[in-house]
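1. model the structure of this input:
(chains A, B and C)
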Amino acid sequence: MQTYQDVVCTVCGCLCDDIEVDVDGNKVMKARNACAMGTSKFLSYTHDRIETPMVRKNGSTQPANLDEAVTKVAEMLVNAKYPAIYGLALSSCEAVKVAIELTEEVGGVMDNQSVVCHGPGVLGLHEIGVSTCSLGEIKHRADLIICWGCNPDEAHPRHFERYSYTAKGRWRNGKADRKLVVVDVRQTSTARKADKFVQIDQGKDYELVNALRTALRNEQIQQEKVAGVPVEDIEELAELLRNAEFGVILFGLGVTQTVGKGRNIDGLFSLTRDLNKYTKFQIMPARGHFNVNGVNEVSAWQTGFPYGIDFSHGYPWYNPGETTVTDIVRRGENDAMLVIASDPIAHFPKDLANRIRKSPLAAIDPVHSVTTLVADVVIPSAFAGIECEGIAYRMDGVALPLKKVVEPSQGVLSDEDILKKILGKVRELKGRSG
Amino acid sequence: MTPQNIIIKNGTVFDPVNRIDGEVMDIAVSNGKIVERVNESSAIVIDASGKVVLAGGVDIHSHIAGPKVNMGRILRPEDHYRNLKPKTAVKRSGVGTSCPSTFTTGYDYSEMGYTTVFEPANPPLKMLHVIDELNDTPMLDKACYPLFGNNWHVMEYLKDNRHDELAAYVAWMLKSVKGYAVKLVNPGGVENWKWGGETTPLDEPVKHFDVTPRQIIQGMCNAVKRLNLPHQMHIHANMLGTPGNYETALETLDSVRQIAGANDGKPVIHLTHVQFNIYGGTNWMNLSSGAEHLAKYINNHNHASIDIGQIVFSDTTTMTADGPFEFKLQGMTGARWINGDIEAETGCGIVPIHYKKSNYVHAIMWITGLEASLMIDDPWKVCMTTDHPNGGYFTTYPRVMAWLMSKKARQKLTNKVNKRARSKTALESLDREYTFSEVLISTRAGTARLLGLKNKGHLGVGADADIAIHDLDFRKIDPSTTPRKFRKAMQKAVYTIKDGEIVVKDGEVVKSVPGRIYWADAKVSDDLARTVETDLRQKFQDYYTVQMSNYIIAEKHIVNSTPVRVNAEV
Amino acid sequence: MADITLTAKANPPFQPLDLREISPDNFAGKTPEQIASLPIWIGNHPSTLGAVFDVKGETSATPQDLTITIEGGLPNSRRIGAKMTAGKIIINGQTGIYAGAEMKNGQIIVNGDAGEWAGLAMKGGSIEITGNAGNFLGAAYRGARSGMKGGIIVVKGNAGSEAAAWMSGGLIKISGDAGLMPGIHMTGGSILIGGNCPGRVGASMTGGKIAVVGKTDDLLAGFQIEEIKDKAKIENDKIPGPFYAFSGDNAEAGTGKLFIHKEKNPHLAGYEAFL
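-> This next block holds a predicted model:
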């Protein structure tokens, strides 16, 4: 039995890096320190695995060898005039780099799961900027934590203990020295732990942000309630924010993906900026997929843009709404799609899922999904952070090295190696045709 | 593939290190190095007649990679839209004007004849990110300067007067996160900003830590000296961007004068982008250039070097670890603002800015940088930078070089700047024009010397074959009277040779090479190293949110990892 | 006057069609054959206008005298009339994204619907859309804090969300309904919404004017009532009211003006107590 120390958990954007993993005979026996989600991933990564590459022949998918599958994907991409490559939030940054090079080579569009999670936050950032910090800053200094449209108690179970509410920092001894405020449409489990729960009307986040900003400026609010919250309560909340020594807003999909999307975050970033005139205030997205931040970071340094990158004219171009996969599919403009460890057929709206299926579809994934079920080509892959190494970025942008604790099944490669094979085949095909 | 032998024939060679000042001669290259001679029959022959042959450019201070630069990229899609670069047979695609993508950064530098660029401000906690971006920045040799000025361990060792341990900790850090030099940014002031405080003068104690910025500066300077690091302490001083801050700059320089000891000629402090730190006046309305005060000090002392941080009138992006400065800047301009504080270490701020000729303050800034460049006599003490992208993009260097070499070029722009600013300047009375050799000193020979890169910045036998050839014939182009032609010639190299390979031809990258990443490996006594590791193990868990083993960067993550080993005095 | 007609061929490609070459500036002085050979992109595939259109007619020496008529809807088109400085484009059918983006002068008439970002960062000239307009009408590029600076956009149908984001000048008239957040971050210029708007009118505006003749949801808290006016003056038009006149967005320390029709919005009667 071998024990690996300081293993990085590859579930959520917390990237807890203190996991101890016991391995016996290429099997994970135990994962200490991990939360329920992490434990479950480490212990059941062998479940539901795709055994072999599959290629559609005469209407049905059949087992194939890797080269055959890789060739099919390469042909699909080379023959397309507007192929989309989507996913990667569960891949290592090394895989992301190859995916960018591949998309550039085939003149396609590369997008990641940000488009359906925190991408709108980026749109807010373009307009306002953001005041943020590393997680340790919250741990050491925050005396006020606002969870807005997020539920770390269930979605990021160790966030509070390692980084925020209950963490022991240099100047804050756990929750005794902090206040927790939750803004949400329903009383989540996080809200039940909070010192204050502000229940707001569905889809009225921007209204509440605007009212808070107005109250901060000591301007009169000529309404009785905003977003279902009495104005006196809003003014009281504004005072609470203003009087914090170090406040932080953590936000989630409850505000990025509701009415107004990026503009909600534009508002929250503005609020945070405004608060810095009175005190110290920070804001941070509670990122979901463990490396969705890494895809954004690598994409940004290699292409200038964090997601929805269109290489069709040879240079990178970006405009969410135009170059994002959801919008491209909605307009029916793509003619092939390669999905990497994501399940758009299950997660996108039904009409979009149906449109994706109209053109050739390939999927790289460790496990079965609705997308792999309907794809024309399927290639099984190894789990980053369990079966292969790589780099991933925590929700606050700290890069951490992923460990390989077990060997993948024979013939199963990492996303990085599969994409390299596809890129090689694409270049071979283009060389032949050109 | 081993690089081929090359002979550069009949070029006009400028090599200030070896006192060659425009001599027509041949330069031979073999195995990536400059050699006495090679067999002509098997070598690539480059006819450089009518062209200048120079050592490749060495940039001492340019923000090209890392979390801060990347936040700038994400902030500014509209900046990228101005410059979209398609993929070619050799080059990857890219974008960017003030925050270019990594590939584009490498190509643009290389096409300008630069071969070495050092990234000057990195949070150690995010160094893996920095390294990973540098891995993706081709064509150049690179290194990074981790930030120490607001580091908790540093302040605690100083408070406890444990100077040996401090030095050993610095050595541990550089080795662990693969840093090359020590950077201080607004020492103490950034820790204060993390409670919403401001930049601090030198003798105000840091909140909760009971040490002063002066103690941090002196303590770190001493540590760097005792470690024998290749580059001296590199500092962004306190009170940056504040009227009247030239006094703090001079105090900062003077605070470490004793550390240099007797006048041994080896500087112990590099004061960076001085332009932002040497203003006179008491408010923004009466802001003035304090360049003469700085110049007087530098001219009379040998323990300090500087780089300019010249501004260029353009729409660019300011980015620095000096969080409180950027907060103040966004308050004044209302522009977009990014802040990024890093636990136990440092901070970061980003604000786009458009420097305008008509703006009084911006005009004073432009004048201040040029005055400092022209008033300091010894070019070996002055590095030409724009603090890319803070003052302007690195691609504007040829324009700055032209200003240094041509009074005419300066005057042409002076005529267009804010009249009130113009009336307050000594710039128009300065007749000095840099010689070409002086420009080369401030862009390669001097920078390489200050960085301790013995094999760079010159063309002597044994030097790295990092060479730039520019289409510059001084019989036809007089930089003083035809600055535009000079600028054009310096903008695109006819050839750039990196480690003995032709990588640029006719101003276009023809071969992509990865370049290497330098870092300092300072050997301290085993006992001291053990003590420090024990200290760190105790505190790491409390201070950081990552495990110590994951903080340390394995060499396998670095493309062409190149440690520079030195023996410390501790 | 000269006319060029581009008739879309049957079964046009469904991938994005980059048609930024279609403008009187680029067509002036060229024969139909030369026009047909102008470059376009079909997705990642470089092609020519002639591959998608039959080109007929006569061109003029200068763009001012040239009218380009496009027959047939191309919802996947991009940038028709972008950066044009003179002349006229008539589109008989649906058009895609960025119609008239960065337009400086001249006229575009879309007899049909227009996609997102029509009149993006427009500086002058006019765009008339007889059908509906998509989101981001007359808005700004990502990260650019400047949207429409001048000119006129008239939409006979409805417009999508975030019309006139970062607008600093010019006029947008929407006869039908507007989507969420018209005039967000606007600093100047005027918007007239003939129909209804779901809400967040003038969010974060610091200047300019917006009139809503139909219904809207609750206003943002950053707006305070100033008076009740019989008419709202939008450029040269006096729109019959009465209107509640508000100032804001105080969240952004703004001094923009909102005119919201009094009778269509009885739920705002509570504001009268503050007069």
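
2. what is the end-to-end distance of stretch B:311-329?
-> 16 Å (CA to CA, to the nearest Å).

3. tell me if that stretch is near chain C.
-> No. Residues of stretch B:311-329 are not located near chain C by CB under 8 Å from any CB of the partner chain, the shortest gap being 10.9 Å. Quick note: C-beta positions are derived from backbone N, CA and C, even for glycine.

4. could you pull out the helices for the stretch 51-200 of chain A?
-> A:66-79, A:93-106, A:119-128, A:135-141, A:152-155, A:159-162, A:189-193 (DSSP state H, counting those that start in this stretch).

5. name the helix or strand for B:E198, please.
-> Element membership for B:E198, per DSSP states H and E: none, as it lies in no helix or strand.

6. wait, doesn't it sit right on B:P324?
-> Yes. Judged on CB atoms under 8 Å, B:E198 makes contact with B:P324 at a distance of 5.3 Å.

7. what do these two both touch?
-> Common neighbours of B:E198 and B:P324, using CB atoms under 8 Å, 6 or more residues apart in numbering or on different chains, are B:189, B:192.

8. so for these two, which residue has more residues nearby?
-> B:P324 (24 against 15; other CB atoms under 10 Å in any protein chain shown).

9. list the contacts for the more buried one?
-> Counted by CB under 8 Å, 6+ apart, B:P324 has contacts B:186, B:189-190, B:192-193, B:197-199, B:347, B:349.

10. one more time with 7 Å
-> Applying CB atoms under 7 Å, 6 or more residues apart in numbering or on different chains, one finds that B:P324 lies in contact with B:186, B:189-190, B:193, B:198-199.

11. how about those residues in a markdown table, adding distance to B:I6?
-> Formatted as a markdown table, the contacts of B:P324 follow (distance: CB to CB, whole Å):
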| residue | distance to B:I6 |
| --- | --- |
| B:N186 | 46 |
| B:G189 | 49 |
| B:V190 | 47 |
| B:W193 | 51 |
| B:E198 | 54 |
| B:T199 | 50 |
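
12. which of the residues you listed sits closest to chain C?
-> B:E198 (23.1 Å; CB to the nearest CB).

13. next, that closest one: phi, psi?
-> phi -110, psi 180 (degrees, to the nearest 10).

14. try B:K126
-> Dihedral angles for B:K126 - degrees, to the nearest 10 - are phi -110, psi 20.

15. what separates the residue nearest to it when sequence neighbours are not counted from B:C348, distance-wise?
-> Leaving out its chain neighbours, the residue that sits closest to B:K126 by CB to CB, 6 or more residues apart in numbering or on different chains is B:P67, at 4.7 Å. Taking CB to CB, to the nearest Å as the measure, B:P67 falls 7 Å from B:C348.

16. one more: B:G500?
-> 38 Å.

17. compare those two (neighbour count), which wins?
-> Taking neighbours as other CB under 10 Å, B:G500 and B:C348 compare with B:C348 leading, 28 against 21.

18. nearest to chain B: which residue in chain A?
-> For chain A, CB to the nearest CB, closest residue to chain B: A:G136, 2.7 Å.

19. which residues touch that residue?
-> B:343-344, B:544-545.

20. go on, B:P201?
-> B:P201 touches B:238-239, B:248, counting by CB under 7 Å, 6+ apart.

21. what's the ChimeraX line that selects buried ones from those?
-> To isolate the buried members of these in ChimeraX, using 16 or more other CB atoms under 10 Å in any protein chain shown:
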select /B:238,239,248
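
22. farthest pair in the contacts of A:G136?
-> Spatial extent of the contacts of A:G136 (CB to CB) is set by the pair B:A344 and B:T545 at 9.5 Å.

23. need the strands for the stretch 401-550 of chain B, in chain order.
-> Along the stretch 401-550 of chain B, the stretches classed as strands by DSSP state E, counting those that start in this stretch are B:467-470, B:495-498, B:501-505, B:508-509, B:517-523.

24. deepest of these, which one?
-> strand B:495-498 (a mean of 28; mean count of other CB atoms under 10 Å in any protein chain shown).

25. hmm, the helix or strand that contains A:E239 touching chain C?
-> Using DSSP H and E, A:E239 falls within helix A:231-242. No. Helix A:231-242 is not in contact with chain C by CB under 7 Å from any CB of the partner chain; minimum separation 7.8 Å.

26. residues contacting that helix, please?
-> By CB under 7 Å, 6+ apart, helix A:231-242 touches A:144, A:198, A:211-212, A:215-216, A:221, A:223-226, A:247, A:275, A:278-279.

27. report the buried residues of it.
-> A:231, A:234-235, A:237-238, A:240-242.

28. can I get the CA coordinates of that helix in CSV?
-> Output in CSV follows, covering the C-alpha atoms of helix A:231-242 (Å, rounded to 0.1, in the frame of the first residue of the first chain):
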residue,chain,number,x,y,z
VAL,A,231,-35.9,49.6,1.9
GLU,A,232,-35.1,49.9,5.6
ASP,A,233,-33.5,46.4,5.4
ILE,A,234,-31.5,47.4,2.4
GLU,A,235,-30.2,50.5,4.1
GLU,A,236,-29.3,48.4,7.1
LEU,A,237,-27.5,46.0,4.9
ALA,A,238,-25.6,48.8,3.1
GLU,A,239,-24.5,50.0,6.6
LEU,A,240,-23.3,46.5,7.4
LEU,A,241,-21.2,46.4,4.3
ARG,A,242,-19.8,49.8,4.8
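
29. any idea which helix or strand comes after that helix?
-> strand A:246-251.

30. what pairs with that next one, parallel or antiparallel?
-> strand A:144-148 (parallel), strand A:280-285 (parallel) (DSSP bridges).

31. helix A:231-242 and the longest one, what's the angle between them?
-> So that's strand A:280-285. With axes from the mean of the first three to the mean of the last three CA atoms, to 10 degrees as the basis, strand A:280-285 and helix A:231-242 are set at 100 degrees to each other.

32. distance between strand A:280-285 and the chain's centre?
-> Strand A:280-285 has its C-alpha centroid displaced from the chain centroid by 18 Å (CA atoms, centre = their mean, to the nearest Å).

33. list the contacts of that strand.
-> A:118, A:121, A:130-133, A:137, A:245-251, A:268-269, A:272, A:275, A:395-396, B:194-196.

34. what angle do the next helix or strand after it and strand A:280-285 make?
-> Later in the chain than strand A:280-285, the nearest helix or strand by DSSP H and E is helix A:292-303. Here the directions of helix A:292-303 and strand A:280-285 differ by 90 degrees (the same axes, to 10 degrees).

35. do the next helix or strand after helix A:292-303 and chain B meet?
-> Per DSSP H and E, the first helix or strand lying C-terminal to helix A:292-303 is strand A:309-310. No. Contact of strand A:309-310 with chain B (CB under 7 Å from any CB) is absent, the minimum separation being 9.7 Å.

36. is strand A:309-310 anywhere near chain C?
-> No. Strand A:309-310 does not reach chain C (CB under 7 Å from any CB); its nearest approach is 8.4 Å.

37. any idea how far the closest residue to A:L90 other than its chain neighbours is from A:L88?
-> Excluding its sequence neighbours, the residue lying closest to A:L90 (CB to CB, 6+ apart) is A:A341, at 4.3 Å. For A:A341, the distance to A:L88 equals 7 Å [CB to CB].
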